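Peer 1: sequence plus predicted model, see below.
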Amino acid sequence: MRFLIEDIERNGKAGADAALGKSNEQARVETVADALATPVIAGIRPAPLTEAEITRTLGRDATCRFQRAVDADPILATVDGRGVAKISGSLIMLEGDRSMMETEGVRMTLTPPETDAGEGVDLIFDLMTEPPLRVGFDGYWTCN
């Protein structure tokens, strides 16, 4: 904590234009193990996906998306039993159904998944490492 306080005193507060975990490099499609081995320190949680990343990874536009806010970029995009999420700057391919998408080391569960659209949907992100990590997000699930 002292480091952060001293850094703010030396450099001032980060403004709205601060990168905070963003990179100018194109995200790569990798395994969870590869993603966690990277030096991205912004936090291990799903990051917003661009339309280009979704299309490049899934091969077409997503049919369903989970967004944390109305006009935010999605943190999970799916089509035909396949999904993509960005973790530590890497694109992670997932497989599953409308209630759960997973790959080795990661599971993303939607509750309630019964509807094609609406707010009040929770996304639970489970990182199955030792120790495990679980993060929950409230947001919007929309399907075309």
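Peer 2: Ah, there it is. Keep in mind that what you see is a predicted model, and the values were worked out from it rather than measured.
Peer 1: part of a strand, is I8?
Peer 2: No. Read with DSSP: H, G, I helix; E, B strand; the rest coil, I8 is helix and lies in no strand.
Peer 1: that one: what's it in contact with?
Peer 2: Shown in contact with I8 (CB atoms under 8 Å, 6 or more residues apart in numbering): no residues. Bear in mind the C-beta positions are built from the backbone N, C-alpha and C, glycine included.
Peer 1: from V29, how far off is it?
Peer 2: 37 Å (CB to CB, to the nearest Å).
Peer 1: and V79, by the same measure?
Peer 2: V79 sits 15 Å away from V29, going by CB to CB.
Peer 1: out of those two, which sits in the busier spot?
Peer 2: Shown here are V79 and V29; by other CB atoms under 10 Å, V79 has more neighbours (20 against 14).
Peer 1: check what pLDDT that one gets.
Peer 2: For V79, the model assigns a pLDDT of 96.
Peer 1: beta partners for it?
Peer 2: When assigned by DSSP bridges, V79 has beta-bridge partners R82.
Peer 1: do I have it right that it meets R65?
Peer 2: No. V79 is beyond contact range of R65, at 10.0 Å (criterion: CB atoms under 8 Å).
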